[in-house]
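**Q** Fold the following, please.
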Amino acid sequence: MKSYKCYFLLPITAFIFISCSRQSIPVQETKPAHTVNKIPSYENLNNWAAHPYKKDPSDSVPKDLRSLYMQDSTVDVFFIHPTTLTSLKDTRWNADIDDEILNKKTDNSTILYQASVFNQSCRVFAPRYRQAHIKSFFIDSKQAEPYFNTAYADIEAAFKYYLENYNNGRPIIIASHSQGTLHAARLLKEFFENKPLQNKLVCAYLIGMPVSTTYFSVLQPCSNAWQTGCFVSWRTIKKNYNGPSYIQKENYQSVVVNPLTWTIDSLYAPSKKNKGGVLKNFNKIIPGVVSTQIHKMFYGVVNQSFWKYFYYHKKLSCGRL
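**A** Numbering: from 1, shown residues only. Okay, the predicted model is just below:
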C-alpha cells in the first residue's frame, strides 16, 4: 500500500447560489422554449472544460505561486462546475453543449478560479454538461426534475468515460460547487457509497449547496484535515446575516465543515488562519482575507471583503489507498 500526499489550493467561493433569493428570479415559462438534442460524447476533448490532455484555464497558476509550483499527477480530481446558464433572457432550460459563448463564460470563471486550485498535485477533469438554467432552482421541484436529470445524465456519462479510459486505479477527489454539488452528491451515492470505489475516494468537496446530515448512509463529514474517504460542505454568508428567507425555512440540518479549521465545531477561526486569497485578477495573493465560523449548524459565516473569489493554501494527506 502506498501513501500519497496531495497539495493544492482549497477554494472559498463568495459568489454562491445562496446569494440569490426567490424573488430575484422571475420565472414565467413552465415548459422549455428550446429543446436540447445533442448528447455530448466525452471522447471529444471539446466536451471537457478541463482535461489533462489539453491546455485550459484550470492549468493557470497565480504569479505569486509559480516559483513554488511542482506539477504532479498522483491524484485525479473530477470537478463539476456550478451554474453559468443564468441569463433571464435565455429561454432554454438546459444548456447546449456547443454553446461557445456559455462555454467561454464557464472556462473564464469557475474553471479558472475554482478548478485551478487542484492543478499542482492532481489531474483535473471537468466535463461540460447540459446544465439546468438557474431558474430551475426556483420552480416546483417536480417541474425542475427533468432539467436536472438531463444535466446529471451528462455528468454520469462523463464519469463513466473517465473511469473506463483515464482513471487506471488512481485515487479520486470529487469537487463541486452549487448546481455541481447537486450532481456530485448524487454521483457519490451511485458510484462510491457502499461500493468498491469508496476505497479510492480521497475527499469530496460539496460546496455551495446544502447536504443534509441524513443524505448519506455511510460517507461521513471530515473531522480533521488528514482524514480521507470523507466529504466537506459549506455555504458562505456575511457575518451577522442569517441568509435569505428560504434558507431560514429549511426544516433539516445540513453538514458544515469549517474550511479554515477542517472541523465541525462552532469555534471562531480568525483570519490569521487564512494563508491567502487570490483576487479576481488571478495574480496576487492577499493574506488573511477571511475569517470563518459555523453558525447555527446550517452554514458557514465568512467575514468577507468585496472580492469575488477567495482561496487559501491547505495541505491534505491523500492517505493510504
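
**Q** Run through the residues that contact Ala50.
**A** When the contact criterion is C-beta atoms under 8 Å, 6 or more residues apart in numbering, the partners of Ala50 are Asp56, Pro57, Ser58, Phe79, Ile111, Ala115, Val124, Phe125, Ala126. Any C-beta I mention is one placed from the backbone N, CA and C, and that applies to glycine too.

**Q** The third one against Asn119, yeah?
**A** So the one you mean is Ser58. Yes. Using C-beta atoms under 8 Å, Ser58 and Asn119 qualify as a contacting pair, with a distance of 5.7 Å.

**Q** Tell me which of these two has more neighbours.
**A** Between Ser58 and Asn119, counting by other C-beta atoms under 10 Å, Ser58 is the more crowded of the two (28 against 23).

**Q** now the more buried one: how far from Pro52?
**A** Relative to Pro52, Ser58 is positioned 9 Å away (C-beta to C-beta, to the nearest Å).

**Q** shared neighbours, the two?
**A** Contact criterion C-beta under 8 Å, 6+ apart; residues shared by Ser58 and Pro52: Val124.

**Q** how about the helices of the stretch 201-321 of the chain, start to end?
**A** Along the stretch 201-321 of the chain, the stretches classed as helices by DSSP state H, counting those that start in this stretch are 245-248.

**Q** Quick check: mean pLDDT of the top helix by length along the chain?
**A** Among the elements of the chain assigned as helix by DSSP state H, the one spanning the most residues is helix 141-162. Mean pLDDT, computed over helix 141-162, is 97.

**Q** Give me the contacts around the helix or strand following that helix.
**A** Using DSSP states H and E, the helix or strand that follows helix 141-162 towards the C-terminus is strand 172-177. Contacts to strand 172-177, defined as C-beta under 8 Å, 6+ apart, come from residues 6, 11, 13, 16, 75-82, 110, 114-115, 118, 122, 183-184, 187-188, 192, 197, 200-208, 231.

**Q** ok, of those residues, which come out buried?
**A** 6, 11, 13, 16, 75-82, 110, 114-115, 118, 122, 183-184, 187-188, 192, 200-208, 231 (16 or more other C-beta atoms under 10 Å).
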